[in-house]
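J.: 3D, please:
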Amino acid sequence: MATPVATLSNKLTHSLIYSCFILLSSSSFKIKTHPSFHSSFYKNLPLLYFSGITIALPYAVNAKIYKRRTPEKSILYKIVYLHFQEYENIYPDTYEQDFGFLRKIIPKTVYKYLDCGILEHGFARVRCPQCGNNFFVAFSCKTRYLCPSCSQKRTLIWLNWMKDNVLHNVPHRQWVFTIPKVLRRLFYRDRKLLALLAKCAAETIYELFRTIFPHKSFTPGFILSIQTFGDLLTWHPHIHCLVSDGVFDSDSNFHPLHHIDSSKATFIFREKVFAILKNHQRISDGLFDKMRSWRHSGFSVHTDVSIPHEDDQALSNLAQYIIHPSFSP
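T.: Presented below is the predicted three-dimensional model:
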């Protein structure tokens, strides 16, 4: 297990520097080469040193002083470091019967997170060619959801890509598809059902829009994200969608949607979820009939959050929210 590193002084010891560069030189680290550029490309750019290899960064470091983040001081890091190994040891006897086997990706992600941002697990040296100032940047784990820093960075990169390549300057709306608690455990034990749950949400959007815009050339635009956690980090599979509040025709003209029947959307979604669970023999016909008779079925399609086309900041916030990590940085 990774060892938390105490706060390092400005002058790293020679032994630490030596051990880090030996680590970087080992066969476990593969440094990808980049294509050659004209020498003018490198002028006035910060440089990266990987165990003696110099790389020019294609951006300028604006901050005058770099301050290393200290993930080992965070409450999340301390909890994971102190207790995860014990959790991993007792899981088969304590939790496996109720929640299934511990998936291999979980310890792999956890141990990568414990190495993230820690200098002794590898770093790059950044040097300014103008003033000669240099500093070390610890490698990141690049894991999803557990690491607050890497997850937030991934979210911001995704947002910028979406704004540049996908989102149009039209009104949008958030759709949230939820299922009753009695069915959620089925999706925990069989994660392949989550993809089918997202398919049910997509088909519901298409079917509802088709009733309003029956012409085949009219198509809504939407992005779906599977979320498996709630506000209290309990198991809560649901689908977040960012949907154009209207449709595009074959000439890319936008036609706004004036009303959404959420109750009809909920009914369509419920029946589609019942169909996939029945096809995969996950619940009986008796439970289907019983749930259909409930006054509150537990299924929900929430569509109250709308964003006008001129509110770019609100659209950016919503786009980030639908893929937000479980832990905030």
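
J.: name the SS class of Phe136, please.
T.: For Phe136, the reduced secondary structure class is strand; criterion used: DSSP: H, G, I helix; E, B strand; the rest coil.

J.: can you give me the buried ones in stretch 218-232?
T.: By neighbour count with 16 or more other C-beta atoms under 10 Å, stretch 218-232 contains the buried residues 218-224, 226-229. The C-beta positions use only the backbone N, C-alpha and C, and glycine is treated the same way.

J.: what of stretch 134-147?
T.: Along stretch 134-147, the positions that meet the burial threshold by neighbour count (16+ other C-beta under 10 Å) are 135-136, 138-141, 143, 145-147.

J.: and what of stretch 271-283?
T.: For stretch 271-283, the neighbour count (16+ other C-beta under 10 Å) marks 272-274, 277, 283 as buried.

J.: may I have that stretch as CSV, with CA atoms only?
T.: Presented in CSV, the C-alpha positions along stretch 271-283 are these (Å, rounded to 0.1, in the frame of the first residue of the first chain):
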residue,chain,number,x,y,z
GLU,A,271,-42.9,-0.2,-19.3
LYS,A,272,-39.6,-0.3,-21.1
VAL,A,273,-37.8,-1.1,-17.9
PHE,A,274,-40.3,-3.8,-17.1
ALA,A,275,-39.7,-5.3,-20.6
ILE,A,276,-35.9,-5.6,-20.2
LEU,A,277,-36.2,-7.1,-16.8
LYS,A,278,-38.7,-9.6,-18.0
ASN,A,279,-36.6,-10.5,-21.0
HIS,A,280,-33.7,-11.1,-18.7
GLN,A,281,-35.8,-13.0,-16.2
ARG,A,282,-35.0,-10.8,-13.3
ILE,A,283,-38.4,-10.4,-11.8
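
J.: enumerate every residue touching Ile239.
T.: Listed by C-beta atoms under 8 Å, 6 or more residues apart in numbering, the contact set of Ile239 reads 175-177, 197-198, 201, 224-227.

J.: give me that answer again for 6 Å
T.: Applying C-beta atoms under 6 Å, 6 or more residues apart in numbering, we find Ile239 in contact with 177, 198, 201, 224.

J.: including distance to Cys241, secondary structure and pLDDT, could those residues go into TSV?
T.: Below are the contacts of Ile239 laid out as TSV (distance: C-beta to C-beta, whole Å; DSSP: H, G, I helix; E, B strand; the rest coil; pLDDT from 0 to 100):
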residue	distance to Cys241	secondary structure	pLDDT
Phe177	7	strand	97
Ala198	9	helix	96
Ala201	6	helix	96
Leu224	5	strand	93
